[in-house]
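Trainee: Provide a 3D model corresponding to the input given below.
(one chain, ligands or ions: 1)
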Amino acid sequence: MTSEIVRCVSCDGYGWFEEDGVTEDCDWCGGIGYVYRDAAGVDHRIPESDYARVSDTLERLEAERLRELGYSGTARHPSEQAIRKQNRDESQTSAR
Ligand SMILES: [Zn+2]
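Mentor: Next comes the predicted model:
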């Protein structure tokens, strides 16, 4: 597996678009804001089943992005909240 994770070129890492006050998830990345880029340079959506595995990387990339934007680091990416929720669900399942 040589895919690296890159910022979604369609939504520039936001994971969604806002137009006239209406927000819509980005189709290209599925609302995550990041995609896999394989060795051939082709971007692929990160499947939901991989969220837990890549959450650390996404968090780091998101922190970098927010720093670029000049945020202090308190803002939370919507997809990170989804990842946290999924991690919690998985740990509950495995505890049984
Ligand atoms: Zn996107």
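
Trainee: check contacts around the closest residue to Asp38 other than its chain neighbours.
Mentor: Spatially, and ignoring its direct neighbours in sequence, Asp38 is nearest to Ser3 (4.9 Å; CB to CB, 6 or more residues apart in numbering). All C-beta atoms are positioned from the backbone trio N, CA, C, and that covers glycine. Shown in contact with Ser3 (CB atoms under 8 Å, 6 or more residues apart in numbering): 36-39, 44.

Trainee: and those, which are buried?
Mentor: Using 16 or more other CB atoms under 10 Å as the burial test, the contacts of Ser3 include 36-37 as buried.

Trainee: Tell me which two of the contacts of Ser3 sit farthest apart.
Mentor: Ala39 and His44 (11.6 Å; CB to CB).

Trainee: count of residues packed around Met42?
Mentor: Let me fix one detail, which is that residue 42 is Val and not Met. By other CB atoms under 10 Å, 10 other residues sit near Val42.

Trainee: and if you look at Gly13?
Mentor: Other residues close to Gly13 by other CB under 10 Å number 24.

Trainee: Then Pro47?
Mentor: For Pro47, using other CB under 10 Å, the count is 10.

Trainee: got a pLDDT number for it?
Mentor: Looking at Pro47, its pLDDT is 93.

Trainee: measure it to Gly70 for me?
Mentor: 32 Å (CB to CB, to the nearest Å).

Trainee: Please produce CSV containing the contacts of Ser3, extended by secondary structure, pLDDT and distance to Asp12.
Mentor: As requested, the contacts of Ser3 are exported to CSV (DSSP: H, G, I helix; E, B strand; the rest coil; pLDDT from 0 to 100; distance: CB to CB, whole Å):
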residue, secondary structure, pLDDT, distance to Asp12
Tyr36, strand, 96, 17
Arg37, strand, 96, 15
Asp38, coil, 94, 20
Ala39, coil, 93, 23
His44, strand, 95, 18
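
Trainee: Great, nothing more from me.
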